[in-house]
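>>> Below: sequence and its predicted model.
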Amino acid sequence: MLVRLPRWRLFLGSTLDGEGDLLETEPVRVLFWYRGIESLGLGYLMSMLTEHGHEIDLIFEPGLDDNTVMNIPALARLNRPEALVERAKSFNPDLVCIGAPTNLWQHASRIGERLKNELGVPVVVGGHHAQALPEYVMNHWWVDVVCIGEGELALLELVERMARGQSYTDVPTMWVKQDGVIHRNEIGMLENDLDVLPFPEKQLWWEAGAFRDVLEVFTGRGCPFKCTFCNIHYQREIFDGKGDFLRKRTVGNVIEELKQNLRTYDPSFVSLHDDNFTTNVLWVEEFCEVYKDEIGLPWYCFGYPTTIKPRLMKAMAAANCSMLFMGVDSGDPEVRKQLMERPMTDDLIYEKAKLIHEHGIRSFVSTIYGIPGETPKEMWKTLDMVDHIKPTQASGNVFYPLPKTKLYDISVEMGYLDEAGEEKVRRGESSFHQHSILNHPHKELAETLAKLTPVYVKAPTWAKPLLRKMVDRKMTRTAQLLYIVMIPVTFSTIGKEAVRITLASLKAVFTGKSAIPRRRRRGRQAAVGQMPRRPEGTTWQRPVADDARKERIPEGLRTTQAAPHAHPHAHEDEGVEVVLAAPRRRTAED
């Protein structure tokens, strides 16, 4: 029987030397860091490594001091950074991987520098910030590798080369810094068949308290639209010629992942977290038909207004779709068309919202206030549109100029983003849910509207004039307090999950679980679309002591780098030596 393997697939932990003899390598231990919420992107990287025999662990910061919604520095100690560092040291990794969206960069930079000093191993940074600003990220002394594209194949190749003691300076999709030289490799080919990827890691996120009642799943990747405030449009450019940007898993593969997780966890809600779930009508109809019979839990998804069709709503409602997220973004048609490149009429938006409600599906609309050139009248139109739609929930966002997006460039050209503002973006300061970093003449109005829009949707009719007066008076601090207090009400599903996650992650930190390393078993039970097992008759042999790891990298790849802030257990003039495992030749007795 022939089994088709992906072009990048290696037999688990094995390779051939120049003479054709089979070598066996030690598994590489890879530590991941993230903050605030579960990251499906990192989950895929984790499972790719465990499926190939490597070991992983996660240090997860609850992020109570700055979770992109509120910024309260006094709560930073509740993140227990010392306990997380101790967990990292106990795991004793060979490699550290840090996920860094723009609004987490300042926290990623802090922990990355700390881990580099404490562990002295290579650090890989990925995420949208690294993808948009690779030079800036790479210029930080503690960063060794920057991932500029999708990371599953690239990280796997890098780790496999580390395990074999080979150079990884030419791995596609990775920029690698070695001996002061940056090797800027091109983006590799995308994996068009998403079914060959292992299902993302869940257990470590659960143990860290990063998810509870809501099970998140990707059914595909990419988005066909080009909203100017989103990073999707420049991703389409950098991936041009590298494969299919829009990709979808098979329905059977998605259902199998859901079933696998439902055998382990007990969620009450499913979030299909694609950028735009409703693009492919036939796929969605097939999915709904299977989902309602085999899963049945209420679920949530994202839909672009022009893709919301009657036949889709009928199928989704029958499959227990509980809520649909739709971007309104602005209530002014010219702002949507000219600045956001979302050319749709007010009537179309109202029609789609009505269609959602007619099928018994709750609506969640998003808004953005304070984009370059937006006037107070145009901002008020957005609140008026939300009031007319009468959604179940709404989010209010302050415009944030994500680097490399069109609206970022427009902000600079129009003088709304000066050099100081650009530096704030590079450092990842603020977010969509905090204060505006633009030199916008109406930023206080934008911030107040963003905080009160979710509350306004839930307010009784008699309270809405009072909320409008708060907006008129730009009572931003009062609006912020009201927004925080009302989160469990304004975001009935997501808000309650956020509270559960906060409590669970605090419990994980304060009960000491975060200080205990969890060694992932190498490889899990295969499921639909996952990788074949490692060949029988091969075994792993771990080093008996750290001295055994001294030969884990060829002489030419060893680097000693002096840190700007000395390791607390080293002399100031000492550097940190990076060592990895060398391959062991398999003998006839094996």
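All right, it came through fine.
>>> who touches the residue nearest to residue 305 when sequence neighbours are not counted in this structure?
What sits nearest to residue 305 in space, not counting adjacent residues and going by CB to CB, 6 or more residues apart in numbering, is residue 352, at 4.7 Å. Quick note: C-beta positions are derived from backbone N, CA and C, even for glycine. Listed by CB atoms under 8 Å, 6 or more residues apart in numbering, the contact partners of residue 352 are 305, 308, 326.
>>> Which residue ranges of the stretch 351-500 of the chain form strands?
Applying DSSP state E, counting those that start in this stretch to the stretch 351-500 of the chain gives strands spanning 362-369, 393-398.
>>> so can I have JSON lines of the ones you listed showing mean pLDDT, distance to residue 214 and mean neighbour count?
Shown next, in JSON lines, are these (pLDDT from 0 to 100; distance: least, CB to CB, whole Å; neighbours: other CB atoms under 10 Å):
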{"stretch": "strand 362-369", "mean pLDDT": "96", "distance to residue 214": "13", "mean neighbour count": "23"}
{"stretch": "strand 393-398", "mean pLDDT": "93", "distance to residue 214": "14", "mean neighbour count": "23"}
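>>> Out of those strands, flag the one nearest residue 271.
Among the strands of the stretch 351-500 of the chain, the nearest to residue 271 by CB to CB is strand 362-369 (11.3 Å).
>>> low pLDDT regions in the protein?
Low-confidence segments of the chain, defined by pLDDT under 70: 1-24, 65-79, 492-590.
>>> Residue nearest the middle of it, spatially speaking?
The chain has residue 39 as the residue nearest its centroid, 4.3 Å off, counting by CA atoms, centre = their mean.
>>> Surely it is in contact with residue 99?
Yes: contact status for residue 39 versus residue 99: in contact at 5.3 Å, counting by CB atoms under 8 Å.
>>> For the residue nearest to residue 305, give its distance to residue 214.
Look at residue 352 and residue 214: by CB to CB, to the nearest Å, they are 24 Å apart.
>>> Same check on residue 129?
Taken as CB to CB, the span from residue 129 to residue 214 is 25 Å.
>>> Comparing the two, which shows the higher neighbour count?
residue 129 (29 against 21; other CB atoms under 10 Å).
>>> Let me see the contact set for that one.
Residues in contact with residue 129 (CB under 8 Å, 6+ apart) are 100-102, 104-105, 108, 137, 403, 428.
>>> Among those, name the ones in helices.
Among the contacts of residue 129, DSSP state H puts 105, 108, 137 in helices.
>>> List phi and psi for residue 248.
phi -130, psi 140 (degrees, to the nearest 10).
>>> Is there a neighbour count for the closest residue to it other than its chain neighbours? I'd like the number.
In space, residue 248 comes closest to residue 220 once its chain neighbours are excluded; the distance is 4.0 Å by CB to CB, 6+ apart. Residues within reach of residue 220, counting by other CB under 10 Å, total 19.
>>> hang on, residue 220 packs against residue 249?
Yes: when contacts are counted by CB under 8 Å, residue 220 is listed as touching residue 249 (6.2 Å).
>>> which neighbours do those two share?
residue 194.
>>> are any of the ones in helices among the contacts of residue 129 buried, and which?
For those, a neighbour count by 16 or more other CB atoms under 10 Å gives the buried set as 105, 108, 137.
>>> Quick check: closest non-adjacent residue to residue 126.
Excluding the flanking residues, the one nearest residue 126 by CB to CB, 6+ apart is residue 147, at 3.6 Å.
>>> Quickly note the distance from the residue nearest to residue 305 to residue 344.
Taken as CB to CB, the span from residue 352 to residue 344 is 9 Å.
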